[in-house]
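Peer 1: Below: sequence and its predicted model.
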Amino acid sequence: MAITSYGYDGTMSEAGWSTLAPLLGSQRCVAGISDFAVTIGGAGSRAITVATGTAHGFGVADVNSAAIVLNATTVASGTRWDTVVIRRNWSGTGGTTTVVIVPGTATQALASGLNSSPGSIDDQPIALIQLSSASTSVQNVIDLRGIGGRPLLYASAPALPLASGQPIGTVAYVPATGQGNDVWVNTSVSGTPTWVNTSRPAWLTASLASGISAFLQTPSYCKVNEIVYIRGTVKRSSGADFADGTTYSITTLPIGFRPGDGTNTSIGASAAGAAKAARGYIDTSGVLQITVAGAASSWVSIDMSYPAEG
């Protein structure tokens, strides 16, 4: 096995500490979504492959630099569920970390007798694997890994960490005066984090119909608690006004953002700088149409909201 460990007696270095420190605070975890992942296959019978990556347990960080292939023992009859564990052993000089398969029973559960004595010997479950007496291949894998990271508090969105290696799913909070805390989640699988504000609606840019252009505010839409919100202003691409009494198609919203029934609403329009009235209508196929009433208008606001389709 190609596992380098930091945290056992005599194993710490500056590089090791920089690996271990970000994972402290979690009893047992892996650093990222693909770290130490268990998949079916490899050389030999009943083989599994354990991916590279970093794991942590009780003050020891383990870095696996090469995929590990393990082979489960023969099943006498029927099926059996074995537990794949990262085993940390603090005894001896420096301590050792290995990945082993602990035989179980026909019940889909952790194998009995797993070690749970941090500082002596401890087993960190990372997968259940199903075996069959009728096959030399593993039948199924259930992922048991916990992904590391912990909630963090930052004073502003620009202060969110950009360093690579931040585990996926890491949560950060940014105080927002009068609005509670914004909750940001890292959605990137690897490399530089991609922070998404999960407290605010995700506005999607609308694809405008031929002959229609954005004006002042780009038309966009979002859905919050099954209510669809549309915002923005539009004009005719030719520069001509929206003619009085004429219906224009503006955009088509995708499935999931359409009303269960057709919906009408009053929306704003403008002609020569004066406020005018218009009607917005969205049918069940998602087509948003507007009709100006009373006078031609140079632009139309399409701000509206309605319940999403059931």
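Peer 2: Yep, it's here. Residues are numbered from 1 along each chain as shown.

Peer 1: how close does P175 get to V141?
Peer 2: Distance from P175 to V141, counting by C-beta to C-beta, to the nearest Å: 41 Å. Bear in mind the C-beta positions are built from the backbone N, C-alpha and C, glycine included.

Peer 1: Comparing these two, which shows the higher neighbour count?
Peer 2: Applying other C-beta atoms under 10 Å to P175 and V141 shows that V141 carries more neighbours, namely 16 against 12.

Peer 1: Check which element follows the strand or helix carrying that one along the chain.
Peer 2: V141 belongs to strand 140-143 when assigned by DSSP states H and E. Next in sequence after strand 140-143, counting helices and strands by DSSP H and E, comes strand 152-153.

Peer 1: which residues touch that following strand?
Peer 2: With C-beta atoms under 8 Å, 6 or more residues apart in numbering as the test, strand 152-153 has contacts from 161, 170-175.

Peer 1: Find the residue at the geometric middle of this protein.
Peer 2: Centroid-nearest residue in the chain, with C-alpha atoms, centre = their mean: T187, separated by 4.4 Å.

Peer 1: A278 contacts V300, correct?
Peer 2: Yes. If you go by C-beta atoms under 8 Å, A278 and V300 touch, sitting 5.1 Å apart.

Peer 1: So which of the two has more stuff around it?
Peer 2: Ranked by neighbour count (other C-beta under 10 Å), A278 and V300 place V300 first, with 27 against 23.

Peer 1: Backbone dihedrals for P118, please?
Peer 2: With angles defined as degrees, to the nearest 10, P118 sits at phi -50, psi 140.

Peer 1: isn't it right up against N89?
Peer 2: No. Using C-beta under 8 Å, P118 is not in contact with N89, being 11.1 Å away.

Peer 1: check which helix or strand covers S135.
Peer 2: In the assignment (DSSP H and E), S135 maps to no helix and no strand.

Peer 1: nope, G16 is what I was after
Peer 2: Here G16 is assigned to helix 14-20, by DSSP H and E.

Peer 1: what does V183 give?
Peer 2: Secondary-structure element containing V183, defined by DSSP H and E: strand 180-186.

Peer 1: what's the spacing between the residue nearest to the centre of the chain and S18?
Peer 2: Relative to S18, and taking C-beta to C-beta, T187 is found at 24 Å.

Peer 1: any low-confidence regions in the stretch 201-310 of the chain?
Peer 2: Within the stretch 201-310 of the chain, the segments meeting pLDDT under 70 span 262-276, 310.

Peer 1: what does the domain assignment say about this protein?
Peer 2: Under the assignment automatic domain parsing, the domains of the chain span 3-143, 152-197, 204-307.

Peer 1: Any idea how far apart the tips of the first one sit?
Peer 2: Okay, so that is domain 3-143. By C-alpha to C-alpha, to the nearest Å, the extent of domain 3-143 from end to end equals 20 Å.

Peer 1: from now on call the first residue 851
Peer 2: OK, 851 is where the count begins now, so the last one is domain 853-993.

Peer 1: thought N965 was touching I936?
Peer 2: No. The criterion here is C-beta under 8 Å, and N965 misses it with I936 at 10.9 Å.

Peer 1: still on that earlier bit, sheet partners, orientation included, of the strand holding V991?
Peer 2: strand 971-982 (antiparallel) (DSSP bridges).

Peer 1: Show me what counts as buried in the strand it pairs with.
Peer 2: Buried residues in strand 971-982, defined by neighbour count with 16 or more other C-beta atoms under 10 Å: 972-982.

Peer 1: quick check: mean pLDDT across stretch 1005-1013?
Peer 2: Per-residue pLDDT over stretch 1005-1013 has a mean of 78.

Peer 1: Done for today, thanks.
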